[in-house]
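Peer 1: Next comes the sequence, and after it the predicted model I'd like to discuss.
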Amino acid sequence: MTLGAHLVELRKRLMLAALALLVGMIVAFFIADPVIHFITEPIRVIADKRGDDFSALNFGTVTAAFDMRMRIAFSIGLFISAPVWLWQIWAFIMPGLTRKEIGYTVGFVAAAVPLFFGGCYLGIMIMPHVIELMWGFTPEGGANFYSAQEYYDFVFKLMIVIGVSFVLPVFLVALNLAGVISGRAILKGWRVAIIIATVFAALATPAADVVSMLMLAGILIVLFFAAAGLSMLFDRRKRKKDAAAGLLPPDVS
């Protein structure tokens with residue numbers, strides 16, 4: 001294809017992806033109420049514990065409630081339309097890939113997508129505990145009026161950050177398959193990985209929430225060692241193929 005044909009194809013793919021996102025946002029806009037009810041459940045729990053109305057979601061501007069619905073619609077619409085826009089990306093780049101690269105890409109997506117959503121789910125599970133724990137530091141007589149925009153940003157960022165952190169081990173395996181780093185090199189960095197996972201978990205969860213911190217750090221460490229083990233397995237298979245092809249001495253393991 002010529003450059004112009006590539007640009008026309010790219011415009012077509014982008015328009016289809018944008019249309020799918022728009023449809024997803026429209027659908028999500030009308031189901032925003034159950035989502036808002038779900039993510040604000042910790043606030044109602046706090047209000048029940050107080051036995052008053054000093055804990056509530058605060059809409060500080062005329063358009064704040066609409067803005068929150070639009071933010072939720074965009075986030076959910078992005079997830080709903082993911083099969084369409086992911087396919088558009090894949091359909092655009094696939095003709096330029098070899099069969100081996102296509103296999104690697106399919107494997108990468110098949111591993112990354114469930115891990116990402118698993119991380120988002122864990123973020124949702126941690127979120128109520130974090131909010132209730134932070135409420136416990138409110139002094140006697142204090143009021144908790146949560147800004148709708150900041151509250152949503154906290155929930156959304158917590159989900160995304162933990163979701164992305166779950167995908168990082170997949171990138172390590174991808175780098176290994178690309179020949180950038182060996183499985184043994186990945187494994188040698190286990191001390192640094194444990195420190196990074198612990199620090200990240202401490203930053204992603206409140207300092208006083210030790211249980212959530214240990215759970216998140218433990219999962220990240222397990223994923224790191226799984227990525228290292230899988231990379232070492234791929235290295236071993238590659239060495240065997242090279243030895244069979246005469247590229248390495250037969251006794252090299």
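Peer 2: That came through, no problem. Numbering: from 1, shown residues only.
Peer 1: show me the contacts for Arg71.
Peer 2: 149, 152, 156 (C-beta atoms under 8 Å, 6 or more residues apart in numbering). Quick note: C-beta positions are derived from backbone N, CA and C, even for glycine.
Peer 1: and the first one, what helix or strand is that in?
Peer 2: Gln149 is part of helix 148-177 when elements are defined by DSSP states H and E.
Peer 1: helices or strands up against that helix?
Peer 2: helix 32-39, strand 55-58, helix 64-80, helix 99-135, helix 183-188, helix 190-204, helix 210-244 (3 or more C-beta pairs under 8 Å, 6 or more residues apart in numbering; DSSP states H and E).
Peer 1: Ala20: which of the ones you listed is closest?
Peer 2: Closest approach to Ala20 among these is made by helix 64-80 (8.4 Å; C-beta to C-beta).
Peer 1: that older thread, from the chain's centre, how far out does the helix holding Gln149 sit?
Peer 2: 3 Å (C-alpha atoms, centre = their mean, to the nearest Å).
Peer 1: Check which residues of it are buried.
Peer 2: In terms of neighbour count (16 or more other C-beta atoms under 10 Å), helix 148-177 has its buried residues at 148-149, 151-152, 154-156, 158-159, 162-163, 165-170, 172-177.
Peer 1: Stretch 99-116 now?
Peer 2: Across stretch 99-116, burial judged by 16+ other C-beta under 10 Å covers 104, 108, 111-112, 115-116.
Peer 1: where's Tyr146, which helix or strand?
Peer 2: strand 144-147.
Peer 1: Show the average pLDDT along that strand.
Peer 2: Strand 144-147 carries an average pLDDT of 78.
Peer 1: Give me the contacts around that strand.
Peer 2: By C-beta under 8 Å, 6+ apart, strand 144-147 touches 43, 46, 54-58, 60, 135, 138.
Peer 1: For that strand, which strands pair with it and how are they oriented?
Peer 2: If you go by DSSP bridges, strand 144-147 pairs up with strand 55-58 (parallel).
Peer 1: Run the chain-centre distance for stretch 166-179.
Peer 2: 15 Å.
Peer 1: same thing with stretch 176-189?
Peer 2: With C-alpha atoms, centre = their mean, you get 23 Å for stretch 176-189.
Peer 1: and the end-to-end length of it?
Peer 2: Stretch 176-189 has its terminal residues 14 Å apart, counting by C-alpha to C-alpha, to the nearest Å.
Peer 1: Could you list the residues in contact with that stretch?
Peer 2: So stretch 176-189 is contacted by 104, 172, 175, 225, 227-235 (C-beta under 8 Å, 6+ apart).
Peer 1: rerun at 7 Å
Peer 2: Taking contacts as C-beta atoms under 7 Å, 6 or more residues apart in numbering, the residues outside stretch 176-189 that touch it are 104, 172, 175, 227-228, 231-232, 234-235.
Peer 1: For Met15, state which of these is nearest.
Peer 2: Nearest to Met15 out of those is Tyr104 (C-beta to C-beta; 28.4 Å).
Peer 1: ok, now which ones touch Ala204?
Peer 2: Taking C-beta under 7 Å, 6+ apart as the contact definition, Ala204 lies against 158, 161-162, 216.
Peer 1: Let me fix that, I meant to ask about Ala197.
Peer 2: The contact partners of Ala197, by C-beta under 7 Å, 6+ apart, come to 217, 220-221, 224.
Peer 1: Could you rerun that using 10 Å?
Peer 2: Counting by C-beta atoms under 10 Å, 6 or more residues apart in numbering, Ala197 touches 165, 168, 216-224.
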